[in-house]
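Visitor: fold the following for me, if possible:
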Amino acid sequence: MALPVEEWRRSAARCWAALEPALRERLAAAPLGEALRMGCGLFGPEEAALQRLCRRARTGKEPAAARFYREEGNRQFGRCCYRDAVRLYSQVCLEDIARAESHGYPDRLLPKVLLRKAECLLRLGRLQDATDTLTAVENKMAVDGIMTSPIHRMLLKKLSQLKTEIHEGSCPEPAREAHGDIQRESEIWEENGSISGASSSLSLNFSTERGRHLVASQDILPGQNLLKEKAFVSVLCPGEGDSLLLQDSSETVWDTRVTNADLYCHHCLKQLLASIPCCGCSYAKYCSQNCADVAWEQYHRTECPLGALLLTLGVFCHVALRTVLLAGFSEVSRLVEWSRDDSNKDLCNAEAGGEHPSEVLDTRAGRKVIPGCNDNGQYQSSYQAVFNLLPHVEKHSPEHKFLCMLSIVAICKKLQETGLEAAVLNGESSTTGSEQKTCGKTSDELSPELMIMAEAMLRHVLQLQCNAQAITVMQELESGDGAVVNKKPVRLATAFFPVLSLLNHSCSPNISVSFSGTAATVRASQPIPSGQEIFHCYGPHRCRMRVAERQQLLSQYFFECRCQACLDELESDVESVSMRNSFCCPSCQASMQGEEMLCCSNEACAFSVSRERLSQRLLDLQQQMEKALELLRDSKADEAIKMLLKCQIDARNFLSPEHLLMGELEDHLAQVYATLGKWQEAARHLGRSIQLVEMHHGPSSVEMGHELFKLAQILFNGFAVSEALSTIQRAEEILSVHCGPQSTQIQELQEMKTCLLELPRSILQRT
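Guide: The predicted structure is shown next:
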């Protein structure tokens, strides 16, 4: 949820509509600082409505919630839902002995709690973690001496059973996360002296038409690393279930459904198992005590009392606040004052349009520089670079700017009321969690210092519409028996990457971006000759949607895309994506043509139907497919197959054979058959899916790599050695270009290949 909740957006819209026309004109034309000063007086009547909304986001510590999650964890454990159980247990501080003891957990209860945790870890396949937990239990019992009560004997028996299960199990798996480290690439890397984190094969250019952009200064090969950058700031997105945090007061306030907020560290974005929660709120969770301490010192000591407000106002406002907290008041103040100086207006607005040379004159320095560069002419991943990203103040609608302004005023008012203003301005260390100062002051105006921070925050919220970078991960889908891992890309966090933001958009990009925690790696996805610009895709891709759809989505970035893919489609008036994803005639299967009313292209048929009707039929089909996957998750594979085959028959009646949904159906059928261990049938269906993926995305696309990875798993499990080896090779070639040689998927492919090649020669010859 990038923007505030819908109710707050509606409230701000009503407030805007009620203003006098003259005041609306003044607000629309005012600089950011002046708009904020006027907004402080307008926020008062809306404050009560926002407070009511914030009460729906339960972020405080509540003993009743702890009991609820513990009891629900017990129920999930009893149902053998070990993954769900361990996540629910983490809600009540079952991380490790050290934390339990530090919170005064009774010694006599520790062994029982830790044995339960060890069993969850064992069922999840985390054998090393389970072993470490059992060792801690043994040490604790040894310190307590000989225990002869029935309860203690039962604990010893359970301990012995778990140790036996671990001993009989397979070797502990190495941590997969280590394979994704951004710095473990073995290739030669020569860093650019002018652009931090960039390869020496790139140069930074500037023009009035393209703004700042990166260009190849030498020929670049596919898979070559071009940029490694750690986010200046990132904020975890709760995920698809973020609305669960904002329940109506009449509903259950504690929900057991898992979101990204439960799965990943709120600081470094590593995947969690047993999390370390913030000691002041129930929302923030971390993978280690170190992450918790660093987050507290850098930003969370300020954010903690504002948790409900930040969830209500959305991720963009949260990113804006965290950005200024990380930068510090001194640097924020310096750049805000610099931007207000009339002599710097040309430098600030160099890319916003107008007649500017390829480099801009810094009148105070008396030399030409590219905006965002430091005094030495270097473009670094710094707050100065973030500050110089374009906010497009004049292009946002007045209503949107008013919403953002009221939201920032709300945050700053809360900082004043909770007594946190001094900590924000001075970066002083404060006490933890529940010991936060509650004394503060209320005023219709913000202090001059807080006004500076507010102006920077409003600038950052406006910047994010065009410069926010989604950090994505390939997240496992929990279905089937785990023999074949099915993954989908998920937006994990929103971040500022100042150097990555230099890349302009193309609907046919020449790079791929992958993430490890808060770090991004950019690789060439195709040969890039010297002198060619480096292009990123902001979302709309030529393989996924028509040019008209792409242009509409890209309007949020305030430019009309003139990339080669768009120009070619507009000039030829042929939209291959539209043809491939079109409807076909339910009567004769010929293609349907038209806009609102579709007519069969076969003149002898003359069938016609509204696009709305077929679109609704497509939506119904997708819902049926989701129900089939629910059946699979409930271990009802036979019923899932029947439903998917019925969906396939229905789809053939009104969708073109090349429609992407036809490929999705084949993919889902392969998934179900793999769950049943019918490997040949699974491979056959996935092969059909791969044909459609190749048609839509190309033979070297990352989508093709992910599909081949799944096929390799199926062939490996089905003991089709020769086919598996050739598929593994193809998948490696593609994924190493897009994800790098140290990615998790490459490592798994290499492990499968090693296992197959170690088979006896006689078996290899037979297969």
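Visitor: which residues are in contact with C537?
Guide: 505-509 (CB atoms under 8 Å, 6 or more residues apart in numbering). In short, each C-beta sits where N, CA and C put it, glycine included.
Visitor: over to H267?
Guide: 286-287, 291-292, 294-295.
Visitor: go again with 7 Å.
Guide: H267 is in contact with 286, 291, 294-295, counting by CB atoms under 7 Å, 6 or more residues apart in numbering.
Visitor: any stretches of the stretch 201-350 of the chain with poor pLDDT?
Guide: 239-258, 273-274, 342-350 (pLDDT under 70).
Visitor: for stretch 372-379, buried residues please.
Guide: 372-373, 378-379 (16 or more other CB atoms under 10 Å).
Visitor: most widely separated two among these?
Guide: Pairwise distances across those peak at 9.9 Å for G372 and Q378 (criterion: CB to CB).
Visitor: do you know how far S382 is from G372?
Guide: S382 sits 9 Å away from G372, going by CB to CB, to the nearest Å.
Visitor: which residues are in contact with stretch 585-603?
Guide: Under the contact criterion CB under 7 Å, 6+ apart, stretch 585-603 has outside partners 582-584, 605-611, 614, 653-654, 656.
Visitor: which of those residues count as buried?
Guide: Listed as buried from these are 582-584, 609, 614, 654, 656; burial here means 16+ other CB under 10 Å.
Visitor: okay, who's weakest in these by pLDDT?
Guide: The lowest pLDDT within the buried ones among the contacts of stretch 585-603 belongs to S582, with 80.
Visitor: check contacts around that one.
Guide: Contacts of S582 (CB under 7 Å, 6+ apart): 591-592, 656.
Visitor: how about TSV for these, with distance to C317 and secondary structure added?
Guide: Formatted as TSV, the contacts of S582 follow (distance: CB to CB, whole Å; DSSP: H, G, I helix; E, B strand; the rest coil):
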residue	distance to C317	secondary structure
S591	47	strand
M592	44	strand
S656	43	coil
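Visitor: list just the nearest of the residues you listed to N225.
Guide: So of those, ranked by how close each gets to N225 (CB to CB), first place is S656, at 39.3 Å.
Visitor: quick one, phi/psi of the closest one?
Guide: For S656, the backbone dihedrals are phi -60, psi 150 (criterion: degrees, to the nearest 10).
Visitor: measure stretch 217-227 end to end?
Guide: Its start and end residues considered, stretch 217-227 measures 14 Å (CA to CA, to the nearest Å).
Visitor: among the buried ones among the contacts of stretch 585-603, which are located in helices?
Guide: Using DSSP state H, the members of the buried ones among the contacts of stretch 585-603 that fall in helices are 614, 654.
Visitor: now for the buried ones among the contacts of stretch 585-603: which two are most distant?
Guide: For the buried ones among the contacts of stretch 585-603, the farthest-apart pair by CB to CB is V609 and S656; their separation is 14.9 Å.
Visitor: one step back: please indicate which of the contacts of C537 are buried?
Guide: 505-509.
Visitor: in helices, which of the residues you listed fall?
Guide: Among these, no member lies in helices (by DSSP H).
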